[in-house]
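A.B. asks: Have a look at this prediction, sequence included:
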Amino acid sequence: MSPVPLRVVAENVLPTSPIGRRRWMICGLLFFATTVNYMDRQVIALLKPTLQIQFGWTEKGYGDIIFAFTLAYAIGLLLIGKLIDRFGTRKGFSLAVFVWSVSAMAHAAANSVLQFGIARFSLGLGEAGSFPAAVKAVAEWFPKRERALATGLFNSGSNIGAIVTPLVVPWITYRFGWRMAFIATGAVGFVWILCWLSFYRRPEEDAKLTAAELAYIHSDPPDQNDQPADSESTVPWLTLLRLPQAWAIALGKFFTDPIWWVYLFWMPDFLSKLGLSLTGMALPLFVIYSGASVGSIGGGWLSSALLKRGWTLNTSRKGAMLACALAVTPIMFAAHTRNAWLAVGLVAIAAGAHQGWSANIYTLASDMFPRKAVASVVGFGTMAGAIGGMCIAKTVGYLLQRTHSYVPVFAMAGLAYLVAFGFVQVLAPRLKPAKV
């Protein structure tokens, strides 16, 4: 007798509790990718004081380098989400990591603001694929009740990357020079590609996935708008531009993503102005990004826990997001103190709240859109965040050049999430499925 196809078995088995843990192994690979992503992204921030002395960068010049990254990130997101939706998560994610790993290593050959800007531009193009691919993988491998938690878990890799980098980069820099710091961190991406290609398949194609776990993954009631995972259609950009749900995600990220990039690209500079050396930053940055990691997992857990307790999808997601938006506001006092640890504590709380917010805003894409459109929607939203990042790069560079103070920067950070929450509520008041 021939074996029953796995998909047929799944359609007739609907377990009441999760059976199997292979989907969490996929989440682990996504966590690894996000860690590598933020290692490559953060190296230049840690080396800013060193490179500023060696090459004579101004604050505006450094802002231009960050602007080049965010510009490329936005351009990449115009295309990468749709490419991942069309060619699949396995191939699309591998290509993105290959491009950004080569680009990260290319920083070692740079000797001027222009050359660093070119390397940074290339890095932005590659890294544009990370979150659209990761959120799509979560939509493929997790039911809605677990997606916020899974997103929070893999998104916490950004914090681990930001923790590991200040521990590793100073040691490499003092021992082998700053160029080797870019080469060593960039090379880690090739290790991830080998792991990803050898392990990742869609659930329906994974021979090691049990029928019970496959059934659990597909146990959500079908949305009227959803399509089979192997559908060849994608969502045109003009369609996305007409959907308020897409704009809810886009504006939610436009106002908040730039704040995270302030922490990532300017926090070492802020700490140096408090009197900390390159090696002395390791512990404060560890505290900040440990707080961010707790917030990422906690924000995703809170949303999923409320959903499991009987809250509606709308109230569970929005409740978690509002809590995160309020928790950011004390950051406005961080630049008013000369006590380094008080400032670090306030930034750590805000960073954790940002990551909790981020876990939920990404999950809204899979809540309101069919699986086949998720990467396109996340790409659209993340592009909006990158455009906000372009604005913040220029703004922070200008403000620091003029005022030499982080007070106005942190004032913007404290209010941004409440503004973003207002737009999300107006544009998607009930998180209804988008009519694609």
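C.D. replies: Right, received. Where do you want to start? Because the structure is predicted, anything quoted here is derived from the model rather than measured.

A.B. asks: tell me the mean pLDDT for the lengthiest helix in the chain?
C.D. replies: Taking DSSP state H as the criterion, the chain has its longest helix at helix 22-55. If you average the pLDDT over helix 22-55, you get 89.

A.B. asks: May I see the buried residues of it?
C.D. replies: Judged by neighbour count using 16 or more other Cβ atoms under 10 Å, the buried positions of helix 22-55 are 22-23, 26-27, 29-52. For the C-beta atoms, the positions are set from N, CA and C on the backbone; glycine is no exception.

A.B. asks: repeat for stretch 387-399
C.D. replies: For stretch 387-399, by 16+ other Cβ under 10 Å, it's 387-390, 392-397, 399.

A.B. asks: Same question for stretch 417-429.
C.D. replies: Neighbour counts over stretch 417-429 (16+ other Cβ under 10 Å) mark 417, 420-421, 423-425, 427-428 as buried.

A.B. asks: Out of the residues you listed, which comes closest to residue 369?
C.D. replies: Of all these, the one with the least separation from residue 369 (Cβ to Cβ) is residue 428, at 11.3 Å.

A.B. asks: Not counting its neighbours along the chain, what's nearest the closest one?
C.D. replies: Excluding the flanking residues, the one nearest residue 428 by Cβ to Cβ, 6 or more residues apart in numbering is residue 248, at 3.9 Å.

A.B. asks: can you pull the pLDDT of that neighbour?
C.D. replies: In this model, residue 248 is scored at 96, pLDDT.

A.B. asks: Would you agree it is in contact with residue 421?
C.D. replies: No. Counting by Cβ atoms under 8 Å, residue 248 stays clear of residue 421, with 10.3 Å between them.

A.B. asks: For the helix or strand encompassing the residue nearest to residue 428, output the C-alpha coordinates as CSV.
C.D. replies: Using DSSP states H and E, residue 248 falls within helix 244-254. The C-alpha coordinates for helix 244-254 follow below in CSV (Å, rounded to 0.1, in the frame of the first residue of the first chain):
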residue,chain,number,x,y,z
PRO,A,244,-5.6,51.1,4.6
GLN,A,245,-4.3,48.0,6.4
ALA,A,246,-1.0,48.3,4.4
TRP,A,247,-0.8,51.9,5.4
ALA,A,248,-1.4,51.1,9.0
ILE,A,249,1.7,48.9,9.0
ALA,A,250,3.7,51.4,6.9
LEU,A,251,3.0,54.4,9.1
GLY,A,252,3.4,52.3,12.3
LYS,A,253,6.9,51.6,11.1
PHE,A,254,7.6,55.0,9.5
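
A.B. asks: Skip ahead from it and say which helix or strand is next.
C.D. replies: helix 257-273.

A.B. asks: Name the next helix or strand following that following helix along the chain.
C.D. replies: Going down the chain from helix 257-273, the next helix or strand is helix 282-308, by DSSP H and E.

A.B. asks: counting contacts, what elements does that next one pack onto?
C.D. replies: Counting by 3 or more Cβ pairs under 8 Å, 6 or more residues apart in numbering; DSSP states H and E, the packing neighbours recorded for helix 282-308 are helix 144-155, helix 157-176, helix 257-273, helix 313-328, helix 340-368.

A.B. asks: Mind giving me the packing neighbours of the third one?
C.D. replies: What it means is helix 257-273. So helix 257-273, by 3+ Cβ pairs under 8 Å, 6+ apart, packs with helix 22-55, helix 59-87, helix 282-308, helix 340-368, helix 374-403, helix 407-427.

A.B. asks: related to what we said a few turns ago, and the longest helix of the chain, how far out from the chain middle?
C.D. replies: Going by Cα atoms, centre = their mean, to the nearest Å, the spacing between the C-alpha centre of helix 22-55 and its chain's C-alpha centre is 11 Å.

A.B. asks: And stretch 320-330, by the same measure?
C.D. replies: Mean-position distance between stretch 320-330 and its chain equals 18 Å (Cα atoms, centre = their mean).

A.B. asks: So for that stretch, mean pLDDT?
C.D. replies: Mean predicted lDDT for stretch 320-330 stands at 96.

A.B. asks: Tell me which residues of it come out buried.
C.D. replies: Applying 16+ other Cβ under 10 Å to stretch 320-330 flags 320-325, 327-330 as buried.

A.B. asks: now stretch 276-286
C.D. replies: The neighbour-count check on stretch 276-286 (16+ other Cβ under 10 Å) flags 276, 278, 281-282, 284-286 as buried.

A.B. asks: any idea which of the residues you listed is least confident?
C.D. replies: Within the buried residues of stretch 276-286, pLDDT is lowest for residue 278, at 69.

A.B. asks: what's stretch 295-308 in contact with?
C.D. replies: Identification of contacts with stretch 295-308 by Cβ atoms under 8 Å, 6 or more residues apart in numbering yields 144-153, 155-156, 158-159, 313, 315-317, 319-320, 323-324, 351-360, 363.

A.B. asks: just the buried members of those?
C.D. replies: 144-153, 155-156, 158-159, 313, 316-317, 319-320, 323-324, 351-360, 363.

A.B. asks: Point out where the chain drops to low pLDDT.
C.D. replies: Applying pLDDT under 70 to the chain flags the ranges 1-18, 222-235, 278.

A.B. asks: who's in contact with stretch 238-258?
C.D. replies: Contacts of stretch 238-258 (Cβ under 8 Å, 6+ apart): 354, 357-358, 361, 364-365, 368-369, 376-378, 380-389, 391-392, 416-417, 419-421, 423-424, 427-428, 431-432, 434-436.

A.B. asks: Much appreciated, bye for now.
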